[in-house]
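Colleague: Sequence and computational prediction follow.
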Amino acid sequence: PMSSRTPPPSCVTHAREAMMTRLVVVLLGLGGAAAFVRTLESTRTRQTVARSHGGAFLSAEEKARLEEIAARIATPGKGITACDEGPGTIGSRFEAVGVENTEEHRRVYRQMLFETEGANEHLAAAILDPETIFQKNDEGVLFPEKLKALGISPGCKPHLKVFALPGTSGDTVMQGLDSLNVRLAQYAAGGCEFAKWRSPLEIDVASGRPTRLAVEANMRDLARYALISQAEGLVPIVEPDVSLKGSHDLETALAVNTAIQAELYHAMIEHGVYMEGTILKANMVNPGLSCPVDYSVEDIAEANLQLLRRCMPVAIRGVNYLSGGQSLEDAAARLSAINKAKRPTDPWNLSFSWSAALQFPLFDLCTGQAGVMPLDAMSALYAAELKIASDAARGLYDWPGTDGAHRAPPAAAAAAKEPAMAR
């Protein structure tokens, strides 16, 4: 039974309001009842707005700090280096090229990513694994402190676990909201200025994925995470990540991504998130890797801009695209094409937050080196990659040939022609 202090369920409240309305009709007549209903609806609206108004729980000083951090992350021409892989993930990359997965190897590798000469000219932020937050560079300076000295904002990825949603043919949600505030408070005390939460989704037209359930659950989790992050003084980077897997075409990708991001912003606003103090990290809208239809890089750029124009709030300063399995060449070509096609009415800073696209070529340099990382050569290549990424974020990168275009795999293209030939 409910205590005397427990608010009644909304269904009970609405039933009481309905009874009261019928009584007012009897007592006041239709005219008076209509005025009463308008007053009741106005009161209900004011209560809803007061409950869900963006950032109402934050002081003016807290809002200003979140906005200042978000503005730095959205510095034109600068992006994010995403080096938040857990020990297991980065360990598999090390082991694939013969490098032993030790904490020291992880430390010196990430030190190279942060301290490469000139990297801070192209980077506004770095996403760290919790292990890295509490590691130090060769001079004994904690990495978050060193990054700040370089003008790079340090942030964290809280540890999350993937959970398969039963009955959805493979859709997932991320688990990690429990005790999130405690972990984020520790990361903030360690020098972090933002956090990042990734919610992966896949498009599978045949099985009806992503399901409505998966979209709603993931986007509401992102909104709750964002709310908790801001309460702990961290700018939330929200990351809905639609995989490149699949055979869907570009039009389907655009429709699904629009539904996902529209749900995300609706959930964030309903949760009372301060939108001006957030950053979006998202996949680029692309056809599935197995799509049998060819698309130019300009087609892909236009689809991404259509998505932003249809549902991206202007309150959010920037989008940092993930690479998501794209090569550096394709990701840079597409990002530059998007920025070249921007209109004066497109206010967002569109940049990069890349991990694999930047790092896989660096790991290739380790092959055949007897387990030793050639850090000088890796640093030189990394600096060149960051220059390409930075140029793409300004729309100044001119890609060669057909980089960035989607070319249908031969098998998929042949399979698509067979039904037409049969007809």
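Modeller: That came through fine.
Colleague: Which residues are in contact with Gly191?
Modeller: Listed by Cβ atoms under 8 Å, 6 or more residues apart in numbering, the contact partners of Gly191 are 133, 142, 144-145, 148, 154. Any C-beta I mention is one placed from the backbone N, CA and C, and that applies to glycine too.
Colleague: repeat for Ala149
Modeller: Ala149 sits in contact with Val141, where contact means Cβ under 8 Å, 6+ apart.
Colleague: Then Ala383?
Modeller: Residues counted as contacts of Ala383 (Cβ under 8 Å, 6+ apart) are 116-119.
Colleague: Just the ones in helices from these, please.
Modeller: Among these, DSSP state H puts none in helices.
Colleague: Show me which of those are buried.
Modeller: 116, 119 (16 or more other Cβ atoms under 10 Å).
Colleague: Span of stretch 74-83 from start to end?
Modeller: With Cα to Cα, to the nearest Å as the measure, the ends of stretch 74-83 fall 18 Å from one another.
Colleague: residue closest to the middle of this structure?
Modeller: Nearest to the mean C-alpha position of the chain, by Cα atoms, centre = their mean, lies Glu239 at 1.8 Å.
Colleague: Wait, that residue touches Trp197, no?
Modeller: Yes. Between Glu239 and Trp197 a contact is recorded at 6.3 Å, counting by Cβ atoms under 8 Å.
Colleague: tell me, what's touching those two both at once?
Modeller: In terms of Cβ under 8 Å, 6+ apart, Glu239 and Trp197 are both contacted by the residues Leu222.
Colleague: Which of the contacts of Gly191 fall in helices?
Modeller: Those of these lying in helices (DSSP H): 133, 144-145, 148.
Colleague: want to try JSON lines for those, with neighbour count and pLDDT as columns?
Modeller: JSON lines is the format used below for the ones in helices among the contacts of Gly191 (neighbours: other Cβ atoms under 10 Å; pLDDT from 0 to 100):
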{"residue": "Ile133", "neighbour count": "19", "pLDDT": "97"}
{"residue": "Pro144", "neighbour count": "24", "pLDDT": "98"}
{"residue": "Glu145", "neighbour count": "14", "pLDDT": "98"}
{"residue": "Lys148", "neighbour count": "14", "pLDDT": "98"}
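Colleague: for this structure, what spans make up the helices?
Modeller: Secondary structure of the chain (DSSP H): helices at 10-52, 60-73, 87-96, 103-115, 130-133, 143-149, 180-189, 212-231, 250-271, 297-311, 328-340, 356-364, 375-394, 410-422.
Colleague: do you know which of those helices lies nearest Ala206?
Modeller: helix 250-271 (11.8 Å; Cβ to Cβ).
Colleague: where does the protein have low pLDDT?
Modeller: 1-52, 412-423 (pLDDT under 70).
Colleague: make it 90
Modeller: 1-54, 159-160, 410-423 (pLDDT under 90).
Colleague: circling back to that earlier point, can you tell me which of the ones in helices among the contacts of Gly191 comes closest to Glu270?
Modeller: Ile133 (31.3 Å).
Colleague: tell me the contacts of the closest one?
Modeller: Counting by Cβ under 8 Å, 6+ apart, Ile133 has contacts 142-144, 154, 156, 187, 190-192.
Colleague: Would you reformat those residues as a markdown table and include distance to His271?
Modeller: What follows is these, written out as a markdown table (distance: Cβ to Cβ, whole Å):
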| residue | distance to His271 |
| --- | --- |
| Leu142 | 32 |
| Phe143 | 31 |
| Pro144 | 28 |
| Pro154 | 25 |
| Cys156 | 21 |
| Tyr187 | 21 |
| Gly190 | 26 |
| Gly191 | 27 |
| Cys192 | 22 |
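Colleague: and the closest residue to Leu142 other than its chain neighbours, how many neighbours?
Modeller: The shortest distance from Leu142 to any non-neighbouring residue, by Cβ to Cβ, 6 or more residues apart in numbering, is to Lys136 (5.4 Å). By other Cβ atoms under 10 Å, the residues close to Lys136 number 13.
Colleague: try Leu244
Modeller: For Leu244, the tally of surrounding residues (other Cβ under 10 Å) stands at 20.
Colleague: do the same with Gly233
Modeller: Count around Gly233 with other Cβ under 10 Å applied: 18.
Colleague: quick one, phi/psi of it?
Modeller: Note on Gly233: backbone dihedrals following degrees, to the nearest 10 are phi 80, psi 10.
Colleague: What's the separation between it and Leu177?
Modeller: Gly233 sits 18 Å away from Leu177, going by Cβ to Cβ, to the nearest Å.
Colleague: who's in contact with the residue nearest to the centre of the chain?
Modeller: 196-199, 222, 280-282, 322 are the contacts of Glu239 under Cβ under 8 Å, 6+ apart.
Colleague: could you redo the last one with a cut-off of 6 Å?
Modeller: Going by Cβ atoms under 6 Å, 6 or more residues apart in numbering, Glu239 touches 198, 281.
Colleague: Renumber starting at 55 from here on
Modeller: In the new count, where the first residue is 55, that last one comes out as Glu293.
Colleague: list the contacts for Gln229?
Modeller: Gln229 neighbours (Cβ under 6 Å, 6+ apart): 215, 217.
Colleague: Swap in 8 Å and give it another go.
Modeller: By Cβ under 8 Å, 6+ apart, the contact list for Gln229 reads 214-217.
Colleague: so what's Asp138 closest to, chain neighbours aside?
Modeller: Lys211 (3.9 Å).
Colleague: what about that neighbour, how many neighbours?
Modeller: Lys211 has 23 nearby residues by other Cβ under 10 Å.
Colleague: I'd say it and Asp183 touch.
Modeller: Yes. Using Cβ under 8 Å, Lys211 makes contact with Asp183 at a distance of 6.3 Å.
Colleague: hang on, the earlier thing: report the beta-bridge partner residues of the residue nearest to the centre of the chain.
Modeller: Taking DSSP bridges as the rule, Glu293 bridges to Arg252.
Colleague: if I look at it, how far off is Ser261?
Modeller: Counting by Cβ to Cβ, the gap from Glu293 to Ser261 is 23 Å.
Colleague: and what of Tyr328?
Modeller: 37 Å.
Colleague: Neighbour count: those two, which is higher?
Modeller: For the pair Tyr328 and Ser261, the greater number of neighbours falls to Tyr328 (24 against 13), based on other Cβ under 10 Å.
Colleague: Could you measure from that one over to Gly108?
Modeller: Separation of Tyr328 from Gly108 (Cβ to Cβ): 5 Å.
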